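> sharing a model prediction with you, sequence too.
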Amino acid sequence: MTPVRRSARIRARAPIDATAHRRFTTGEVLTLQRQVRASGVLQPLQDRLEHSIGRPRAVTVEAFVWATLANGKQRHHQGHIIELARTLNSLTPSQLSLLGVNDHDESQTFDGLDRLFNELCDALEDGWDAVVDGAVTRIDVDWYGNQLIQPSLANLPATSRSVAVDDTDVPTWGALHGELLEGDVDAIEDYPEPDEAGSAAVKRRGRKRRARVLSVGPDGRKVYTKDKDARGGHRSATNSRPAGPYVGHALHLAVQTRDVVSHNAIDEIRLGPDVPPVVKAFSLAPAGSHRAKAFVPTLIAAKERGHVIEDVVVDRGYSYLRAETLAHPLNRAGMHLTFRPMKHQRNVQPFRDDIVLIEGQPFSSHLPKNLWGPLPMPPMSSSDEECETYEEAFNRRARYRFQRHAGPDAEGTTRHRCPIHSGLLRSRQVPTSMRANRDVPLAELPEGETCCNGIVSVSAAELPLWQRIPAGTTAWRISFRRRLVVENANGGLKGGFVNIERKFLRVMGRVKMTVLLAATIFGYNLECIRAFTAKMAAEQATKKAAKRTRKKRVSGWTRLLGHEQTGQGETGFGPDPPLA
């Protein structure tokens with residue numbers, strides 16, 4: 001019997017269909033080309049990857065970036081390299097020449113894109129220093145991704161100084177051998193709180209074997225797939241699947257939300273106008289990574305790029321992190337946190353003679369004893385009426401808080417005044433406070449005691465959990481619900497605009513996934529702006545129609561004298577028409 005060679009047994013791969021599906025007009029090509037050049041990513045990449053010596057590339061760097069954005073603008077697209085090849089093959093020779101591609105061969109487009117994509121990702125993974133706008137900048141995948149979405153944020157119809165932050169799971173394309181159990185996840189956390197964080201234990205189903213560990217990564221965590229950057233993590237439940245562990249990456253998003261214009265930190269608050277919920281910054285990190293270390297540098301870099309960010313509304317998954325990694329770096333950068341305290345953060349701590357810390361907020365020691373302990377918070381998904389029942393105690397307690405008087409200074413030190421001197425309470429023991437409005441509650445001080453010892457100075461390390469609006473109050477609930485815009489963004493990326501589940505990206509590695517996801521977020525921002533503009537136009541049209549159909553006011557003399565006396569018709573709005 002003649003032995004069969006191994007090479008003869010390998011089946012040839014079917015040719016890839018790179019046929020164009022959509023034609024672009026020259027105006028669309030030029031518009032998107034201007035956005036590519038406005039992003040600022042071309043010059044550093046061209047200096048690194050394109051050279052005048054040797055055979056010219058079949059696909060230029062500009063054509064590659066253009067193709068990623070053109071594909072990312074399409075609803076329900078796929079983040080595949082073959083889709084980029086089909087996009088370029090849909091262009092005419094004159095349109096390709098605008099992108100620097102000459103003597104185009106459609107059969108070589110995919111191979112040229114694949115080679116350039118791998119070289120680009122290898123360069124971004126290593127990183128290098130380049131001069132951008134006269135300053136030395138570190139060029140890496142995080143810089144590339146956030147710079148690429150900047151043109152989608154230009155000329156926004158409305159802007160704000162607040163963002164909402166959350167993360168969503170992005171499963172890896174690598175195959176998992178076995179089943180990942182809850183106990184196998186080696187996530188990096190500051191304060192593991194399973195009950196508060198919402199993670200649920202998943203029981204072993206049937207006789208499936210435990211997931212096989214292929215290796216241990218440089219971070220000391222287990223690697224379960226061929227994707228060396230993917231790790232095990234937890235994800236929350238949705239309508240189609242329960243909560244439990246998964247293997248992949250976590251996509252952290254900072255979505256623009258409405259500003260808080262004014263408030264009394266108790267029961268009154270006024271929000272700013274609606275703004276398009278665009279993604280201002282994003283970061284892709286291995287699942288189970290430290291959330292603050294994965295996204296705080298991205299937020300600070302976004303503010304350094306020119307985005308005005310002053311208020312950050314974070315999800316509960318971020319609020320339990322240590323102040324050294326989350327609150328303090330953001331406060332130093334001029335960003336304030338709005339969050340829901342976790343169970344271990346709602347304790348009572350002695351602070352000074354006349355001050356006690358409750359849930360991280362300074363309160364007067366004369367606070368009624370029934371308001372000291374951790375007050376019950378309303379359950380999740382409670383109605384407004386149910387929330388108001390719980391908030392009544394929080395609103396009464398907020399009257400006894402020490403109000404910020406000045407600061408923070410260069411060292412982060414703030415100054416605070418007691419509730420009586422700041423006008424939140426009145427007391428007969430302090431005669432000057434009785435001049436306030438009678439609607440201000442009256443507080444009785446013990447015999448022989450004073451309300452405070454004057455204005456106190458507090459360092460930033462002493463109040464790591466301080467918020468402008470105390471948690472649990474009515475004003476805080478309205479402010480914290482601004483976080484829902486980032487949930488809508490997660491929904492848009494999980495089915496509304498695209499669906500970034502396991503089959504969306506067929507590449508492995510954080511760098512390659514970030515390069516393709518940046519174009520998707522670029523397209524999502526444009527879709528948000530289009531929807532927001534259409535919504536505003538519809539509202540303006542409705543207002544104009546209501547104004548035109550508004551009933552004309554009839555004067556009192558018309559009603560008394562009648563329409564015959566005033567020369568008007570039976571309707572009272574003019575003479576009757578002549579008879580036919």
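Okay, I see it.
> wait, what's in contact with Leu98?
Thr26, Val29, Leu30, Gln33 (Cβ atoms under 8 Å, 6 or more residues apart in numbering). The C-beta positions use only the backbone N, C-alpha and C, and glycine is treated the same way.
> quick one, grab the pLDDT at Lys369.
Lys369 is assigned a predicted lDDT (pLDDT) of 89.
> for it, what are phi and psi?
When quoted as degrees, to the nearest 10, the phi and psi of Lys369 stand at phi -60, psi -30.
> okay, now it: neighbour count?
By the measure other Cβ atoms under 10 Å, the count of residues near Lys369 is 6.
> circling back to that earlier point, closest to Val348 out of the contacts of Leu98?
Comparing the contacts of Leu98 against Val348 with Cβ to Cβ places Gln33 closest, at 60.5 Å.
> count of neighbours near that closest one?
Neighbours of Gln33 under the rule other Cβ under 10 Å: 19.
> tell me which element it is part of?
Take DSSP states H and E as the rule and Gln33 turns out to sit in helix 26-39.
> against Asn370, how distant is the residue positioned nearest the centre of the chain?
By Cα atoms, centre = their mean, the chain has its centre lying nearest to Ala254, at 2.6 Å. Applying Cβ to Cβ, to the nearest Å, the value for Ala254 to Asn370 is 40 Å.
> list the buried ones in the helix holding Gln33?
For helix 26-39, burial by neighbour count (16 or more other Cβ atoms under 10 Å) applies to Val29, Leu32, Gln33, Gln35, Val36, Ser39.
> contact partners for the third one?
With contact taken as Cβ under 8 Å, 6+ apart, Gln33 is in contact with Glu62, Trp66, Leu98, Leu99.
> so what touches stretch 345-352?
By Cβ under 8 Å, 6+ apart, the residues outside stretch 345-352 that reach it are 319-320, 356-360, 362, 372-374, 456, 462, 465.
> can I get the buried part of those residues as one ChimeraX selection?
To isolate the buried members of the contacts of stretch 345-352 in ChimeraX, using 16+ other Cβ under 10 Å:
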select :319,320,356,357,358,359,360,362,456,465
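> with the contacts of stretch 345-352 in mind, which one is nearest to Ala518?
Nearest member of those to Ala518, counting by Cβ to Cβ, is Ser319, at 27.6 Å.
> could you measure from the closest one over to Gln361?
14 Å.
> got it, and His77?
47 Å.
> of these two, which one has the most company?
Neighbours were tallied for His77 and for Gln361 using other Cβ under 10 Å; the higher tally belongs to Gln361 (21 against 18).
> could you find the closest non-adjacent residue to the more buried one?
Of all residues not flanking Gln361 in the chain, Pro470 sits nearest, at 5.2 Å (Cβ to Cβ, 6 or more residues apart in numbering).
> in a helix, that neighbour, correct?
No: Pro470 sits outside any helix when classified using DSSP: H, G, I helix; E, B strand; the rest coil, being coil.
> okay, now it: neighbour count?
22.
> which ones are touching it?
The contact partners of Pro470, by Cβ under 8 Å, 6+ apart, come to Ala265, Glu359, Gln361, Phe394, Arg397, Ala398, Arg401, Trp476.
> now do Arg235
Arg235 makes contact with Asp169, Ala243, Gly244, Pro245, Tyr246, Ala287, according to Cβ under 8 Å, 6+ apart.
> lowest-confidence one in those residues?
Lowest pLDDT of those: Ala243, 84.
> hang on, it packs against Ser236?
Yes: counting by Cβ atoms under 8 Å, Ala243 touches Ser236, with 5.3 Å between them.
> mind checking which of the contacts of stretch 345-352 land in helices?
The helices, defined by DSSP state H, take in Ser319 from the contacts of stretch 345-352.
> just the contacts of stretch 345-352: which are in strands?
Among the contacts of stretch 345-352, DSSP state E puts Val356, Leu357, Ile358, Pro362, Val456 in strands.
> and the first one, bridged to which residues?
Right, Val356. Per DSSP bridges, the residues bridged to Val356 are Pro350, Phe363.
> any idea how far the nearest residue to Tyr320 once chain neighbours are set aside is from Leu375?
In this structure, Tyr320 finds its nearest non-sequential neighbour in Met342, 4.3 Å apart by Cβ to Cβ, 6+ apart. Met342 sits at a distance of 15 Å from Leu375 (criterion: Cβ to Cβ).
> mind checking the SS state of Gly232?
Going by three-state DSSP: Gly232 is strand.
> ok, now which ones touch the residue nearest to Leu517 when sequence neighbours are not counted?
Setting aside the residues directly before and after it, Leu517 is nearest to Leu284 in space (Cβ to Cβ, 6+ apart), at 6.4 Å. Leu284 makes contact with Gly145, Val170, His249, Ala250, Leu251, His252, Arg510, Met513, Thr514, Leu517, according to Cβ under 8 Å, 6+ apart.
> now do the phi/psi pair for the closest residue to the fourth one other than its chain neighbours.
When you say that, I think you mean Ala250. In space, and not counting its chain neighbours, Ala250 is closest to Asp167: 4.5 Å by Cβ to Cβ, 6+ apart. Phi and psi for Asp167, reported as degrees, to the nearest 10, are phi -130, psi 160.
> in the stretch 401-550 of the chain, where is pLDDT below threshold?
Counting by pLDDT under 70, the stretch 401-550 of the chain shows low-confidence ranges at 550.
> can you pull out the helices in it?
Taking DSSP state H, counting those that start in this stretch as the test, the helices found in the stretch 401-550 of the chain are 474-480, 484-493, 510-548.
> winner for burial among those?
Mean neighbour count (mean count of other Cβ atoms under 10 Å) peaks for helix 474-480 among these, with a mean of 23.
> packing partners for it?
Here helix 474-480 touches strand 260-263, strand 269-271, strand 336-338, helix 384-398, going by 3 or more Cβ pairs under 8 Å, 6 or more residues apart in numbering; DSSP states H and E.
> how about residues contacting the last one?
Okay, so that is helix 384-398. By Cβ under 8 Å, 6+ apart, helix 384-398 touches 265-267, 358, 363, 367, 371, 375-379, 382, 441, 470-474, 476-477.
> tell me if the residue nearest to the centre of the chain really is in a strand.
Yes: counting by three-state DSSP, Ala254 is part of a strand.
> any chance of JSON lines for the ones in strands among the contacts of stretch 345-352, columns distance to Ser52?
Shown next, in JSON lines, are the ones in strands among the contacts of stretch 345-352 (distance: Cβ to Cβ, whole Å):
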{"residue": "Val356", "distance to Ser52": "71"}
{"residue": "Leu357", "distance to Ser52": "65"}
{"residue": "Ile358", "distance to Ser52": "68"}
{"residue": "Pro362", "distance to Ser52": "65"}
{"residue": "Val456", "distance to Ser52": "67"}
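> okay, domains of this protein per the record?
Structurally, the chain divides into domains by automatic domain parsing as follows: 26-139, 155-187+214-339+482-511, 343-466.
> out of those, deepest packed?
Comparing those by mean count of other Cβ under 10 Å gives domain 155-187+214-339+482-511 as most buried, with a mean of 19.
> end-to-end on it?
End-to-end span of domain 155-187+214-339+482-511 (Cα to Cα, to the nearest Å): 29 Å.
> so Asp186 makes contact with Arg221?
Yes: checked against Cβ under 8 Å, the pair Asp186 and Arg221 is within contact range at 5.1 Å.
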